[in-house]
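Undergrad: task: produce atomic coordinates for the following.
(one chain, ligands or ions: 1)
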Amino acid sequence: MKAIKYRGNNLYLENAPIEKITKKVITPFYLYSLKQIKDNFNYFRNSFKQTNPLICFSVKSNPNLTILKNLKKLGSGTDVVSIGELQIALKAGIDPKKIVFSGVGKTTEELDYAITKDILLINAESENEVNEITKIAKRKKCRVKIGLRLNPNIDAKTMKKISTGGKSDKFGISLEHCLDIFKKNINNNNISIEALSVHIGSQIKEIIPFQKTLNLIDKFIQKLKENKINIKYLDLGGGMAIPYSDTEKKFNLKKYASMVYQFNKKHKFKIIFEPGRYLSANSALLVTKVIYIKSIHDRNFVILDAAMNDLMRPALYGARHEIVPVQKIKNKFNKKIEFVGPICESTDKFLTYTNYPKLNQGDFVCFTNVGAYGRSLSSNYNIRPLPAEIAVYKNSYRVIRPRQKLQDLIK
Ligand SMILES: Cc1ncc(COP(=O)(O)O)c(C=O)c1O
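TA: Reported below is the predicted structural model:
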């Protein structure tokens, strides 16, 4: 994680010594570098400079209001998947004309609200949804711009649980059915299908699945043209991977950018991206305290005050988040160690290490790269308050969302 380094024995996030913050803030807490998010956004935008896409940050990866306001200032739009995400995006000041709405189960209330707010696109994921939008638009006497989300049946070569573009996945509409919906709605006065969208999964490390997707879209566009159907927008979703450890390869964003540019020279669509993880993941740490160390025959359990409810990805997908000590320690444990949380579930465990620095009760460690699907996936399981979100500011910090209060949970 680029934004952290040791100065002497102390771990810093940007210019802020983390230990100093642990003296003031209750652990566990999420600690962000807003500068890293800005750098990521600018890197993304510069990489795609020739295509000049609309970048719609995927709010589900991190819905923090301050983060959204910062992204708004950089010119970002948002990809939302619920009325709550839509409302927080609007509250952050995101231009409705830069908001796209995805999801397989948008309710009538959610669709109605999105139509009222006149957002850029509602990406429909079934024919029933298209019909529902038509019904609402008819009632409101308006014409709504929508997109259709394709299910391209492409293996994203990522974890099964975060793949979304296979033919048995619930997402999107098959090519044949999509064409059929386009044809049926040519003369629909209440909707105008102006976009195709696709999102085949998350944490996709290789370029090939994206290349296959573009090839398939190219053929599909041909079919649309044969039927005298033209679209204006192509929404290519998100899914670009980040390295979760120093040994993992970086996703080749520049190569992907050049592929998209070549593809779009012919089509001249307004390209939309919906990156989540790529913009937010490496911006944050989850800072946590060692409550106890318990030794058994073959290992030491390092029991943390952060649990699966605070950081769900390991329990949910088997995801790996490296853990680093806040203070450098010379001595090593003489057995392997397993980091675990305090929750009464066997899945409340994190990584196992050999040769790990010899932590003591009361020491602090940080989970790395938790800015995406970290706090946003957390829950109140075991009546545990959701952790605070803090952003480093110069050599100190600011609270960007306070820790939930226990008394609010036991009303
Ligand atoms: C429709 C859609 N767009 C964008 C994203 C963001 O994906 P990522 O965080 O991998 O960029 C997701 C996440 O799964 C999604 O479902």
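
Undergrad: give me every residue in the protein lying close to the ligand.
TA: Within the chain, the residues that sit near the ligand (C-beta under 6 Å from any ligand atom) are 58, 61, 79, 102, 199, 202, 237-239, 274-278, 372. Using the backbone N, CA and C atoms, a C-beta is placed for each residue, glycine as well.

Undergrad: got a PyMOL select line for the buried ones in the residues you listed?
TA: Here is the PyMOL selection string for the buried members of those, based on 16 or more other C-beta atoms under 10 Å:
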select buried, resi 58+61+79+102+199+202+237+238+239+274+275+276+277+278+372
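
Undergrad: for the ligand, give me its nearest residue in the stretch 301-411 of the chain.
TA: Across the stretch 301-411 of the chain, no residue is closer to the ligand than A372, which sits at 5.7 Å (C-beta to the nearest ligand atom).

Undergrad: what separates that residue from I181, distance-wise?
TA: 32 Å (C-beta to C-beta, to the nearest Å).

Undergrad: so what's the residue count around E127?
TA: 16 (other C-beta atoms under 10 Å).

Undergrad: for it, what are its contacts?
TA: E127 makes contact with 173, 177, 181 under the criterion C-beta atoms under 8 Å, 6 or more residues apart in numbering.

Undergrad: check contacts around the last one.
TA: Meaning I181. Applying C-beta under 8 Å, 6+ apart, the residues near I181 are 127, 130, 148, 173, 193.

Undergrad: try it again at 7 Å.
TA: 127, 130, 148, 173 (C-beta atoms under 7 Å, 6 or more residues apart in numbering).

Undergrad: for the protein, longest strand please?
TA: strand 284-295 (DSSP state E).

Undergrad: and that one, what's buried?
TA: 284-291, 293.

Undergrad: kindly report the same for stretch 177-190.
TA: Buried, per 16+ other C-beta under 10 Å, within stretch 177-190: 178-179, 181-182, 185, 188, 190.

Undergrad: swap in stretch 325-336?
TA: 325-327, 333.

Undergrad: what mean pLDDT does that stretch have?
TA: Averaging the model's pLDDT scores along stretch 325-336 yields 97.

Undergrad: okay, now the domains of the protein?
TA: 4-32+281-409, 35-275 (automatic domain parsing).

Undergrad: ok, and the closest non-adjacent residue to C366?
TA: L285 (4.0 Å; C-beta to C-beta, 6 or more residues apart in numbering).

Undergrad: correct me, but the one you found touches F364?
TA: No. Between L285 and F364 there is no contact, the gap being 10.3 Å when judged by C-beta atoms under 7 Å.

Undergrad: P209 and the ligand: what is the separation?
TA: Distance of P209 to the ligand, computed by C-beta to the nearest ligand atom, to the nearest Å: 12 Å.

Undergrad: mind pulling up the pLDDT for the closest residue in space to that residue that isn't next to it in sequence?
TA: Nearest non-adjacent residue to P209, counting by C-beta to C-beta, 6+ apart: A156, 4.7 Å away. If you check A156, the pLDDT there is 73.

Undergrad: show me where the stretch 301-411 of the chain has its strands.
TA: Ranges of strands within the stretch 301-411 of the chain are 323-325, 336-340, 349-353, 364-367, 388-393, 396-401, based on DSSP state E, counting those that start in this stretch.

Undergrad: what is the burial count for K265?
TA: K265 has 10 nearby residues by other C-beta under 10 Å.

Undergrad: where does the nearest residue to A92 once chain neighbours are set aside land in three-state SS?
TA: Distance criterion C-beta to C-beta, 6+ apart; nearest residue to A92, sequence neighbours excluded, is L68 at 3.5 Å. Under DSSP: H, G, I helix; E, B strand; the rest coil, the three-state class of L68 is helix.

Undergrad: so who does L68 touch?
TA: 88-89, 92, 94.

Undergrad: if we use 8 Å, what do you get?
TA: 57, 59, 78, 88-89, 92, 94.

Undergrad: ok, now L316?
TA: Per C-beta under 8 Å, 6+ apart, neighbours of L316: 161, 377.

Undergrad: burial count for K349?
TA: 17.

Undergrad: for G318, that is, sorry about that
TA: 10.

Undergrad: pretty sure P152 is in contact with I200, am I right?
TA: Yes. Contact status for P152 versus I200: in contact at 6.5 Å, counting by C-beta atoms under 8 Å.

Undergrad: shared neighbours of these two, which are they?
TA: What both P152 and I200 touch, as defined by C-beta under 8 Å, 6+ apart, is the set 165, 213.

Undergrad: tell me which of these two has more neighbours.
TA: I200 (29 against 24).

Undergrad: can you tell me which one of the contacts of I181 sits lowest on pLDDT?
TA: I173 (94).

Undergrad: distance of it from I99?
TA: 21 Å.

Undergrad: more neighbours: which of those two?
TA: In terms of neighbours (other C-beta under 10 Å), I99 is the more surrounded of I173 and I99; the figures are 24 against 20.

Undergrad: hey, what's the more buried one bridged with?
TA: Counting by DSSP bridges, I99 is bridged to T78.

Undergrad: if I look at it, how far off is Y292?
TA: Taking C-beta to C-beta, one finds I99 at 46 Å from Y292.

Undergrad: for G276, same thing?
TA: 35 Å.

Undergrad: ok, the closest residue to C344 other than its chain neighbours - contacts?
TA: Distances taken as C-beta to C-beta, 6+ apart place N382 nearest to C344, at 7.5 Å, with adjacent residues excluded. By C-beta under 8 Å, 6+ apart, the contact list for N382 reads 307, 309, 343-344.

Undergrad: and N382, what pLDDT?
TA: 97.

Undergrad: residues contacting the most centrally placed residue in the chain?
TA: In the chain, the C-alpha nearest the mean C-alpha coordinate belongs to S61, at 2.7 Å (C-alpha atoms, centre = their mean). With contact taken as C-beta under 8 Å, 6+ apart, S61 is in contact with 276-277, 279-281, 371-373, 376.

Undergrad: ok, 6 Å please
TA: Residues in contact with S61 (C-beta atoms under 6 Å, 6 or more residues apart in numbering) are 276-277, 280, 372-373.

Undergrad: in helices only, show me these.
TA: 277, 280 (DSSP state H).

Undergrad: can you say which two of the contacts of S61 are spatially most distant?
TA: The largest separation in the contacts of S61, counting by C-beta to C-beta, is between S280 and Y373 at 8.8 Å.

Undergrad: next one: phi and psi at the residue in the stretch 251-400 of the chain positioned nearest to the ligand?
TA: Proximity of the stretch 251-400 of the chain to the ligand (C-beta to the nearest ligand atom) peaks at G276, 2.7 Å away. When read as degrees, to the nearest 10, the backbone of G276 gives phi -110, psi -80.
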